[in-house]
Structures are given as C-alpha cells and as structure tokens.
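**Student:** quick one, fold the following:
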Amino acid sequence: MIDAALFWLLALAIGIAGLPFAAFLFARLPGRGLAMARPLGLLLAAYPLWLLASTGLIDYARWSALAALGLLAAAAVFAWRRRPPFARDDAPTLRLWLVGEAVFTLAFFGWLLLHSFAPDVWQTEKPMDMAIVNAINRSDAFPPHDPWLAGTSLNYYYLGHFLVALLVRAAGVAPEVGFNLAVPLFFALSAGAVYAVASTLTLSWASGRPPAAAARTAVLTGLAALALAMLVGNLAGAVQLFEHPVALSHYDWWSPSRVIDGTANEFPFFSFLLADLHAHVMAVPFALAVLLFSLQLAVAGPRRPSASFAAGAMELLLGGLVLGALYAINSLDYPTAAVIGSLALLLWMLAARGRGWAAAWCAAWLGASVLLFLPFWTHFDPATHGLALVTDHAHFSRFIADVGLIYGLPLWILVAAFAHRLSLPFRYLAWAAVAATVVLVLLAPPRLGGLALFLTLSAFSLFVAFSSTSAATGQRPHSFLWLLIGVGLGLVAIGELVYVRDAFEGTPSYRFNTVFKSGYQAWFLLAIAAACTLARSNERLRGRSRLLWQGGVAVLLLLATVYPVAASVSRSDGFAQSPTLDGLRWLERRSAGDVASIKWLRASVGGAPTVLEAVGPDFDPAGGGRVSTFTGFPAVVNWLGHEKQWGHDRLLARDAAVRRIYSTADTGTAAALLRRYGVRYVFVGSVERRLYPRWALTKFDSLGTPVFRSGGAVVYRVGRAAK
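**Tutor:** Presented below is the predicted three-dimensional model:
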C-alpha cells in the first residue's frame, strides 16, 4: 500500500499544482473549473518534457521526469501568487472543489481495492499497453521504439501511455505495480471530470437562486452524472443474468460489452473492470476537459485580446493544448471534441457581436491544437483509409433493441427533456411516438428505420440548441445541454451510416472501431445530459406522466446496477484471492524463473537492446511476448496482428526467422540471423522450452554467454555484447 499512497500523493500534488491553471482556463465559468485541475496539471507537467524529447533537445530520463514535475510546481507557485485560484468569500466554488477532491480520493482507493482482486497484467490488450509504457521508459526520445518490432518506432497514439510512464518513472514503482495504480488513477480522473462538467453546467443556469442552494444542486447533479457515467452498467448486463441465471462468481461479465454483432460496446464500468490501459480509456478526462472548455465558449465566448493580449493568447494556447492532446492520446476523440467546441462557439456567436473575430479565433484554436503536437502529427501514420458507407444495416427492431440494451437508462431520462420541449401532454407524445414508429417500420426493407430515427432525434436536438440561443447568458447553458444531446444521439447513429476503413475492413468486424469509439463517447455525453435533465425534472413533467417517467427511471436504474454487482464478483473470482498490485503474479505462479529473469534484465541492462523471445499469437494466454512486454526491450517480432494494425508489413519473414533461430541445430544459421536483426539478448524460459526441443536450445551456450539463470530460465548475451 506504500506504492498506492505514494501514487495518490503524487496525483494529489499534481491536482493542487493545476489549480491556478484551471482557474485561468475556466475563469468565466461558475466554480472556475477547479475540479478539472488534476487532468490539466498532469498534461502541463508532461507536455514540455514530451516536446523537448520529441525534438531531441533533452533526453527523457528519470531526472527529466522529476524536473518536469518540479517545473510544474514552480510555475504553480508563481501563478498562485499572482492570482490565487480561490476568490475570497466564494463558498460555492470551494464546496464544488472539495467535493471534487473527495470524489477523486474515494474513486481512486475504492477502485484500487476492487482492482487488486484481479491484478494480472495479461490477456486482452493489457500486454500491449504494458509494453508501450515500458518501451517509453526505455526510450530517451520520442516517438518511442516499437516493443514488438525491433528497429522501428511506435506507430500508435501513445501520449496517454506516456502520462502513465511519467508517473511510474517519477514515483519509482515497478512497472507491473504502476500499471495497476494507473487503472484506478484514470478511473478517479474520469469520475472527477464527469463531476466537474455536470456540476458546472448545472451551476451555469442557476441564475437567481441562492448561491448555497445552487451549489448544493450542482454537487448533487455532478454526483448523479458520475453514477450514470461511471458506476452503472448497461441493461444488457441484467438481461445476461436473467437469461443465464448462475452464481455471481460464474457470471459472464464480458458478453454485455458485445451487444451489436461484430463490434464492441464498452461502457466505463466494464472498461475499468477489464483494466486495459487502452487509449479510449485514458482519453476520457481530457476529452471532458475539452467539453468543459466548450461549455465556457458557449456561455461566455473566447477571451478577447482587447482586454489583455497575453491572457487571450495564453487561453488560446491552453485550450489548444488540451484539444490537441486528444489526437495523440486517442485520435478518434479529436474530431468529436473539435466539432463540439466549434458548435459551442457558434452558439455564442449567434447571440454576440464580433462574429468574424470569433470565427478567426476558432480557426486559431484548431490550428494551435495541431501545431502544438506537430512532432506527433509528422511521425504518426494512421493505418486508416478514409470513410465508407455502411451498407448492411440492422433491422429496425434489432437496432432499437441493441440501442436500448446499451443506452436505455439515459435515453429514458432524456424523454423528459423532449417532452418538456415539445410542450405537449404525455399521451400526445406517446401517440406521436407510435405514429413515428409506424412510419419508420415502413422503411424497414432498406433497414434504415433505426438510422432515420436517431438522425432525426439528433437533428431535432441541434435545432433546439440553436433555435433557443438568446442574447441572455442564462439561456446558453440550456442550448449547450441540447448540443450534448444532439451530438450524443448522432454518435449513436454514426456507426449505422459510415465507418472508418481500417485493418478490419473486409471482415465481419469491419466497423468495430467506429461503433466502439463513437459509442463510448456517446455514453458520456448522454450520461451527463441525463443527469442534468434529472436535476430539472420537476419543471419538465407533471402529474401522471411524471409518475410514469419516474417509475421507468427507478426500474431501469435498478436493472443498470445488476452489472456492477455481478461483474465485480465474477471478475474477482468471488474475491477468493488475496488482494495485490503485482501484475506479474500470474507469471510468478507459472514460472518464477521467468519473472526473476525479467526483473534481472530490467535492473541490470541499460538502454533498449533487442531481445529474442518466442513469438506468440496476439492475446497469447501462454505468455508469448512477456519479456518485451515487461522489460520494454524491443523483440525481433511479436503480436503480429497488432503490428499489422499499426501499419507494418513483412512480419512473416521475421516470425519465420525467430522460429528458425530457436529450432535449428546449425549454429552458423542461427548466428547469421541473430546478427541480421541485431539481437543482443536471447531469452530461454518456460514458453521457449515448451515450443522447442532441448537439443535445439543448447546451441545458445556456444553462441553467447549465459548471464543469468533462475528456475530453468536462462538469459544469454550474444553478439558484440557477449564479448
């Protein structure tokens, strides 16, 4: 627990250091966005170091990681002295921030405890994420080397992994422990960010109410949004248990994330329970930071340079930094955030003067987001080939059922917002819904009914957002709420309209990433909008319609809590094992010698020499790729499927070469291949001994020098390093 306490204290310090910068960036919002200080502080600590290491001006090392954190602290002290983040006699702002800090701490330690019952860093995408984190910490410049294709640089969006690597290096914890601390860290960052957006949006439309009452409502709305976004599951989780009633320890916690055939339909509780430190997970707090900045643009517009050119330029750069980071963390989050920000600014422009200046500011903001991360843009080559139209649409009934299983709870809550906006008695709304359904069913032959319905609802929401724009500032938060609803519904529909052409094209999973990533973004937008709708439900529905709606909310909320309870028990194997943060526990039980050898390599070998280990398939349960994963040393090749997704080819030749080196008895052939791929260390452990005969492995005694042995695992130094 010492490592956990150290990690939490480091995150706590980063959050405090980020306060003056959050107060500046979100200065025109109630509460000043202080609950978003921690993601902003982390980004501000990492960015200068990343930029300097990307341009070769300094090396990335532990000293520079600590210096980056020290620089953030010094800048925070300077900024705090010039303008403290807390104004005098501003109790609502202080209350919002204190609750946000409590949310972060409780979320961190709560998820830490749950995650400690399933800490193994193995299977699914965890080896990939661990390998990237370790490769970054074995690199002195960026982009880092590819841990599974020696001699190449990593062609992936890795900035989120760099944030984890920076914290692991600064804290000095073991990588397999740091990985398991980063999972609850990003859960807590995401929970705090959801709370920040929802509470600020609620407080923005609380004009005329007593400050204490407004702050209390904002806090409750923020907590409700946190629950809807982070703590509940989808309705498919309940259906899974009802259709297959089993003991909770045998509950299938995976299937509810695969509702739509050929795609993934993750939601946050599943993602963090799975505990892959994947790009879409690490992007969440920063995407929500852009969302909060977009709310400020909608309510107050950008900071005018006429008041202070320096302040205006700094806000532009900070806003561009947060937006631009998304492309390097998870590229598919970038266009959504840019669209929301641009539309939010348009909301303000329609009711304000100086539209030409605002349009120029928007262009500058988008340009800054690219220029600030130009080293990444110039090196990253996305393995995608544009967009294509979806041609095999789901039947209307299937589409509605799938969407209901995934988003049923927030969509039902949002019925109140639509009903209020239409200003019709609920029975009229119900009959209108029936009539609309009949019309859409008539579109069933081309199977466009579901797509048409959600595009219509999205367009209606955006129409409401822009038609209700008023010069009165108090109306703009309402417009922004409808903007979130419109974009959220559009994201649900987009996977039925177009898909990103990537490595899955031509397979049944051709739109896997499109539905997966857009649906994940929609989850957060709809959850926040639903929580804000709950906060004003008394104003939206009356009488029997309100009772019907409340009953539906209660039932759906109960169903949505089935997954978190059942999945937590199942994922942790009924909490049968002792909690630990050791991500190598799984390998220790199989081969303690492998673990000892990996730890020796990490402690005794500097730099990033090429290592030879057995090639395994992607997601290999046997442990293929474990050495490169947990050391960060580049392997000759591994996880070929992922390397193909990252745009690399000619992989089969390397695969064959590795197998040839291990299996041949001809030392000359093996030596030539070792030289061709620049191998400096050969690993012979449990996987290699299972795949290759003993007589073939003994040749390494003559090809190199055994430098470490433990429990049947041997590390050989070969080539020039052997002398």
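**Student:** before we move on, which element is Ile16 in?
**Tutor:** Here Ile16 is covered by helix 2-17, with elements defined by DSSP states H and E.
**Student:** count the residues that sit near Ala603.
**Tutor:** Residues contacting Ala603 under the criterion other Cβ atoms under 10 Å number 8. In short, each C-beta sits where N, CA and C put it, glycine included.
**Student:** SS state for it?
**Tutor:** With DSSP: H, G, I helix; E, B strand; the rest coil as the basis, Ala603 sits in helix.
**Student:** distance from the helix holding Ile16 to the middle of the chain?
**Tutor:** In terms of Cα atoms, centre = their mean, to the nearest Å, the centre of helix 2-17 is found 20 Å from the chain centre.
**Student:** next SSE after that helix?
**Tutor:** Helix 2-17 is succeeded, C-terminally, by helix 19-25 (DSSP H and E).
**Student:** coming back round to it: ok, and for the helix holding Ile16, which residues are buried?
**Tutor:** If you call a residue buried by 16 or more other Cβ atoms under 10 Å, then helix 2-17 has these buried ones: 3-4, 7-8, 10-11, 13-17.
**Student:** surely Pro143 touches Tyr157?
**Tutor:** No - under the criterion of Cβ atoms under 8 Å, Pro143 is not in contact with Tyr157, lying 10.3 Å apart.
**Student:** between these two, which contacts overlap?
**Tutor:** Listed as contacting both Pro143 and Tyr157 by Cβ atoms under 8 Å, 6 or more residues apart in numbering are 376, 380.
**Student:** domain boundaries for the chain, per the record?
**Tutor:** Per the record, the chain has its domains at 2-137+170-231+266-304+326-362, 387-544, 585-722, by automatic domain parsing.
**Student:** tell me which of these lies nearest to Pro564.
**Tutor:** Nearest to Pro564, of all these, is domain 2-137+170-231+266-304+326-362, at 5.4 Å by Cβ to Cβ.
**Student:** which SSE is immediately downstream of the helix or strand of the chain with the lowest mean pLDDT?
**Tutor:** Using mean pLDDT, DSSP states H and E, helix 426-441 stands out as the lowest-scoring helix or strand of the chain, at a mean of 61. The helix or strand immediately downstream of helix 426-441 is helix 449-467, counting by DSSP H and E.
**Student:** the most centrally placed residue in the chain and Phe293: what is the separation?
**Tutor:** In the chain, the C-alpha nearest the mean C-alpha coordinate belongs to Val281, at 1.9 Å (Cα atoms, centre = their mean). Val281 sits 21 Å away from Phe293, going by Cβ to Cβ, to the nearest Å.
**Student:** over to Ala170?
**Tutor:** 27 Å.
**Student:** Val611 now?
**Tutor:** Distance, Val611 to Phe293, using Cβ to Cβ: 43 Å.
**Student:** neighbour count winner among the two?
**Tutor:** Phe293 (27 against 23).
**Student:** picking up where we left off before, and the domains of the chain, which is most packed in?
**Tutor:** Stretch with highest mean neighbour count among those: domain 2-137+170-231+266-304+326-362 (a mean of 21; mean count of other Cβ atoms under 10 Å).
**Student:** surely the residue nearest to the centre of the chain and Leu189 touch.
**Tutor:** No - using Cβ under 8 Å as the test, Val281 is too far from Leu189 to be in contact (10.1 Å).
**Student:** list of residues touching the helix holding Ile16?
**Tutor:** Helix 2-17 has contacts (Cβ under 8 Å, 6+ apart) with 37-38, 41-42, 45, 69, 72-73, 75-76, 101, 104-105, 108-109, 112, 167, 170-171, 173-174, 177-178, 181, 185, 188, 581.
**Student:** one more pass at 7 Å, please.
**Tutor:** Contacts with helix 2-17, where a contact means Cβ atoms under 7 Å, 6 or more residues apart in numbering, come from 37-38, 41-42, 45, 72-73, 76, 108, 112, 167, 170-171, 173, 177, 181, 185, 581.
**Student:** from these, which land in helices?
**Tutor:** Of the contacts of helix 2-17, the ones assigned to helices by DSSP state H are 37-38, 41-42, 45, 72-73, 76, 108, 112, 167, 170-171, 177, 181, 185.
**Student:** which pair of those spans the longest distance?
**Tutor:** Farthest-apart pair in the ones in helices among the contacts of helix 2-17 is Ala76 and Val177; separation 27.6 Å (Cβ to Cβ).
**Student:** touching, Tyr47 and Leu321? I think so.
**Tutor:** Yes - counting by Cβ atoms under 7 Å, Tyr47 touches Leu321, with 6.3 Å between them.
**Student:** next, the contact list for the closest residue in space to Ser369 that isn't next to it in sequence, please.
**Tutor:** Of all residues not flanking Ser369 in the chain, Gly324 sits nearest, at 3.5 Å (Cβ to Cβ, 6 or more residues apart in numbering). By Cβ under 7 Å, 6+ apart, the contact list for Gly324 reads 369-370, 372-373.
**Student:** separation between Asp655 and Ala325?
**Tutor:** Distance, Asp655 to Ala325, using Cβ to Cβ: 35 Å.
**Student:** again but with Tyr499, I slipped
**Tutor:** Counting by Cβ to Cβ, the gap from Tyr499 to Ala325 is 25 Å.
**Student:** ok, now which ones touch Pro508?
**Tutor:** Going by Cβ under 7 Å, 6+ apart, Pro508 touches Gly262.
**Student:** ramachandran coordinates for it?
**Tutor:** phi -60, psi -20 (degrees, to the nearest 10).
**Student:** state the pLDDT value of it.
**Tutor:** On pLDDT, Pro508 comes in at 91.
**Student:** from Ile260, how far out is it?
**Tutor:** From Pro508 over to Ile260 the distance is 12 Å, taken as Cβ to Cβ.
**Student:** do Val299 as well
**Tutor:** 36 Å.
**Student:** repeat that for Phe512.
**Tutor:** 10 Å.
**Student:** again with Leu66
**Tutor:** Using Cβ to Cβ, Leu66 is found at 46 Å from Ile260.
**Student:** repeat for Lys644
**Tutor:** In this structure, Lys644 and Ile260 are 24 Å apart, going by Cβ to Cβ.
**Student:** check Ala567 too.
**Tutor:** Ala567 sits 19 Å away from Ile260, taking Cβ to Cβ as the criterion.
**Student:** least confident pick among the buried residues of helix 2-17?
**Tutor:** Of all the buried residues of helix 2-17, Asp3 carries the smallest pLDDT score, 92.
**Student:** so of the contacts of Gly324, which ones are in helices?
**Tutor:** 369-370.
**Student:** weed out the non-buried ones from the contacts of Gly324.
**Tutor:** For the contacts of Gly324, a burial check counting by 16+ other Cβ under 10 Å picks out 369, 372-373.
**Student:** I'd like those residues as TSV, with distance to Thr384 and pLDDT appended.
**Tutor:** Below are those laid out as TSV (distance: Cβ to Cβ, whole Å; pLDDT from 0 to 100):
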residue	distance to Thr384	pLDDT
Ser369	19	97
Leu372	23	98
Phe373	18	98
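**Student:** now those residues in CSV, with distance to Val555?
**Tutor:** Below are the buried ones among the contacts of Gly324 laid out as CSV (distance: Cβ to Cβ, whole Å):
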residue, distance to Val555
Ser369, 43
Leu372, 47
Phe373, 46
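**Student:** closest one to Lys126 out of those, please.
**Tutor:** Minimum distance to Lys126 across these is 26.3 Å, recorded for Phe373 (Cβ to Cβ).
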